[in-house]
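Colleague: sequence first, then the predicted structure:
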Amino acid sequence: MKLLFKLGAAGLIALGALSAVAPSVSAAGLSSTVETVRYDRHHDARSCSPLVAVRKARAYGLRHAEISRINPRRVVVTGRTRHGMDRIVFANQRGCPMLRR
């Protein structure tokens, strides 16, 4: 009978400790989230659209292409090739002409 009582008490203590740990784990954010950069700005017809730049970079062989940087003169798209990380720089003009690879 003593053994059964000790096992029950140990189980209650373990259950109490487990319920105290759960909120701290959820507050720490165990799940990893990936933030994506969204470019929802309005692009006029004279500038290079980020969507067009990514599509052109993929056509040039860049996998997992994403916008790295946009400024008034250029749009930088980074991604992977079979040789490793690479980037393509497009002019921020209509049609997104490629400046360098």
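Modeller: Happy to help now that I have it. The shown structure was predicted, so the numbers you read here are calculated from the model rather than taken from an experiment. Numbering: from 1, shown residues only.
Colleague: tell me the contacts of residue 60?
Modeller: 88, 98, 101 (Cβ atoms under 8 Å, 6 or more residues apart in numbering). Where you see a C-beta, it was placed from the backbone N, CA and C, and this is true even at glycine.
Colleague: an error on my part: the question was meant for residue 73.
Modeller: Counting by Cβ under 8 Å, 6+ apart, residue 73 touches 91-92.
Colleague: before we move on, the earlier item: out of the contacts of residue 60, grab the one that's most surrounded.
Modeller: Sorting the contacts of residue 60 by how many neighbours each has (other Cβ atoms under 10 Å) puts residue 88 first, at 24 neighbours.
Colleague: which residues in the protein form strands?
Modeller: 63-70, 74-81, 84-91, 98-100 (DSSP state E).
Colleague: deepest-packed of those strands, please.
Modeller: strand 74-81 (a mean of 18; mean count of other Cβ atoms under 10 Å).
Colleague: and that strand, what's its mean pLDDT?
Modeller: Across strand 74-81, the average pLDDT comes to 92.
Colleague: could you dump the strands of the chain into TSV with distance to residue 49 added?
Modeller: Putting the strands of the chain into TSV (distance: least, Cβ to Cβ, whole Å) gives the following:
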stretch	distance to residue 49
strand 63-70	10
strand 74-81	9
strand 84-91	10
strand 98-100	15
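Colleague: leaving aside the residues next to it on the chain, what's closest to residue 46?
Modeller: residue 94 (5.5 Å; Cβ to Cβ, 6 or more residues apart in numbering).
Colleague: wait, isn't residue 57 in contact with residue 77?
Modeller: Yes. Contact criterion Cβ atoms under 8 Å: residue 57 and residue 77 qualify, at 4.1 Å.
Colleague: quick one: common contacting residues for those two?
Modeller: With Cβ under 8 Å, 6+ apart as the test, residue 57 and residue 77 both reach 65, 88, 90.
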